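Colleague: Sequence and computational prediction follow.
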Amino acid sequence: DGGITQSPKYLFRKEGQNVTLSCEQNLNHDAMYWYRQDPGQGLRLIYYSQIVNDFQKGDIAEGYSVSREKKESFPLTVTSAQKNPTAFYLCASTPGQYATNEKLFFGSGTQLSVL
Amino acid sequence: RKEVEQDPGPFNVPEGATVAFNCTYSNSASQSFFWYRQDCRKEPKLLMSVYSSGNEDGRFTAQLNRASQYISLLIRDSKLSDSATYLCAVILGYNFNKFYFGSGTKLNVKP
């Protein structure tokens, strides 16, 4: 079955540590996205990538980094510069580079907590 | 001002009731509109796209009002299984890769 796989489901970060969240898709989608969701909040865009080897900052990119070396993979690193990383992280994709009237396909999410 | 705003609720309704949510958006250049359903600690799932002429899918009806810049979702004959958070999403016209989400409206359907 095609879809988006996020791992791990739960992740704990120690003070000063960088952690990487994995996102893999086998849908052959061009565009991929990372969102952050805090309790009672909507989704906020961290980074997105329209094509391989290119990505753009979203609204809350500070303290995060990404790479897009392969079409199917879009890992997110939460760096120690992100002072409040506890949140639910969602990876998503859309078929085309431009999401005009296209729906987002979501992974099942990673809950990141600080120890 | 937020791009997309929703009443957080919760809306507590009995089974069988009709309930409606609104979602306002601030940018008149917004092009595409969606309703997503999200269960606790799960990923959002697309419920409906919202078209200019309005659209219906079973017990769910979505409407778009461009003049007043809001979209609505009507749920008829509410079921216990409809209990969830409903997120609206908007794609802004000048950046087709950015979906803006509201904070969600929580619905509790009670027996």
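Modeller: Everything's here; your move.

Colleague: dump the residue contacts of the residue sitting nearest the centre point of chain A.
Modeller: Note on chain A: the residue nearest the mean C-alpha position is residue A:34, at 2.7 Å, using C-alpha atoms, centre = their mean. With contacts defined as C-beta atoms under 8 Å, 6 or more residues apart in numbering or on different chains, residue A:34 is in contact with A:21, A:23, A:45-48, A:58, A:64, A:66, A:74, A:76, A:89-92. C-beta here means a position set from N, CA and C on the backbone, and glycine is covered the same way.

Colleague: and what of residue B:50?
Modeller: B:33-35, B:62-64, B:71.

Colleague: thought residue A:46 was touching residue A:61?
Modeller: Yes: under the criterion of C-beta atoms under 8 Å, residue A:46 makes contact with residue A:61 at 5.9 Å.

Colleague: the more surrounded of the two?
Modeller: residue A:46 (26 against 16; other C-beta atoms under 10 Å in any protein chain shown).

Colleague: Which element, helix or strand, includes that one?
Modeller: Taking DSSP states H and E as the criterion, residue A:46 maps to strand A:43-49.

Colleague: Give the pairing partners of that strand; include direction for each.
Modeller: Paired with strand A:43-49 in the same sheet, following DSSP bridges, are strand A:31-37 (antiparallel), strand A:56-57 (antiparallel).

Colleague: what is the mean pLDDT for it?
Modeller: What strand A:43-49 shows for mean pLDDT is 94.

Colleague: Could you tell me which residues of chain B lie near chain A?
Modeller: Neighbours of chain A within chain B, by C-beta under 8 Å from any C-beta of the partner chain: B:4, B:6, B:8, B:31-32, B:34, B:41-46, B:49, B:87, B:89, B:91, B:96-99, B:101-104.

Colleague: Out of these, list just those in strands.
Modeller: The members of the residues of chain B next to chain A that map onto strands under DSSP state E are B:4, B:6, B:32, B:34, B:45-46, B:49, B:87, B:89, B:91, B:99, B:101.

Colleague: Ignoring the adjacent residues along the chain, who's closest to residue A:59?
Modeller: Residue nearest to residue A:59 in three dimensions, not counting chain neighbours: residue A:45, with 5.2 Å by C-beta to C-beta, 6 or more residues apart in numbering or on different chains.

Colleague: which strand residues sit across from that neighbour in the sheet?
Modeller: With DSSP bridges as the rule, residue A:45 is bridged to residue A:35.

Colleague: With that, I have no additional questions.
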